[in-house]
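Engineer: Okay, sequence plus prediction incoming.
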Amino acid sequence: MGMSEMVSTGALVLIGVILLVLLMQYLRLREIWTFVSGCRTATRWAKIREMENRELRRALRAERERVKELRGKLELS
């Protein structure tokens with residue numbers, strides 16, 4: 001095996017290692033992207049639930065005030 005063949009073989013091995021590392025990085029980034037997408041979806045649903053809870057609390061507060069008024073009117077009767 002001559003010197004040029006050893007250099008060529010070494011270069012091919014190095015290219016193979018680089019391709020393997022790139023593949024591993026790609027798979028890891030895909031995993032991270034899936035995780036981030038899941039977090040974005042969960043965050044969106046959390047915001048929706050928070051808005052719904054705010055609306056429900058506001059409606060409950062208004063209903064309690066209405067009940068309080070009706071009880072006051074009932075006591076005056």
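Structural biologist: Everything's here; your move.

Engineer: make it CA atoms for all contacts and neighbour counts henceforth
Structural biologist: Fine.

Engineer: State the mean pLDDT of the helix or strand containing Arg66.
Structural biologist: Here Arg66 sits within helix 3-76, counting by DSSP states H and E. Taken as a whole, helix 3-76 has a mean pLDDT of 96.

Engineer: what packs against that helix?
Structural biologist: Contacting helix 3-76 under the criterion 3 or more Cα pairs under 8 Å, 6 or more residues apart in numbering; DSSP states H and E is no other helix or strand.

Engineer: so how far is Gly10 from the spatially most central residue of the chain?
Structural biologist: By Cα atoms, centre = their mean, the chain has its centre lying nearest to Cys39, at 0.9 Å. Between Cys39 and Gly10 the computed distance is 43 Å (Cα to Cα, to the nearest Å).

Engineer: One more: Ser77?
Structural biologist: For Ser77, the distance to Gly10 - Cα to Cα - is 100 Å.

Engineer: Please apply the same query to Glu69.
Structural biologist: 88 Å.

Engineer: again with Leu19
Structural biologist: Taking Cα to Cα, one finds Leu19 at 14 Å from Gly10.

Engineer: again with Val17
Structural biologist: 10 Å.

Engineer: Could you do Glu75 as well?
Structural biologist: Taking Cα to Cα, one finds Glu75 at 96 Å from Gly10.

Engineer: neighbour count winner among these two?
Structural biologist: Gly10 (12 against 8; other Cα atoms under 10 Å).

Engineer: Distance check, the more buried one against Val21.
Structural biologist: 16 Å.

Engineer: and if you look at Glu75?
Structural biologist: Glu75 is 80 Å from Val21, by Cα to Cα.

Engineer: ok, now Thr43?
Structural biologist: Counting by Cα to Cα, the gap from Thr43 to Val21 is 33 Å.

Engineer: now Gly2
Structural biologist: 29 Å.

Engineer: go on, Ile15?
Structural biologist: 10 Å.
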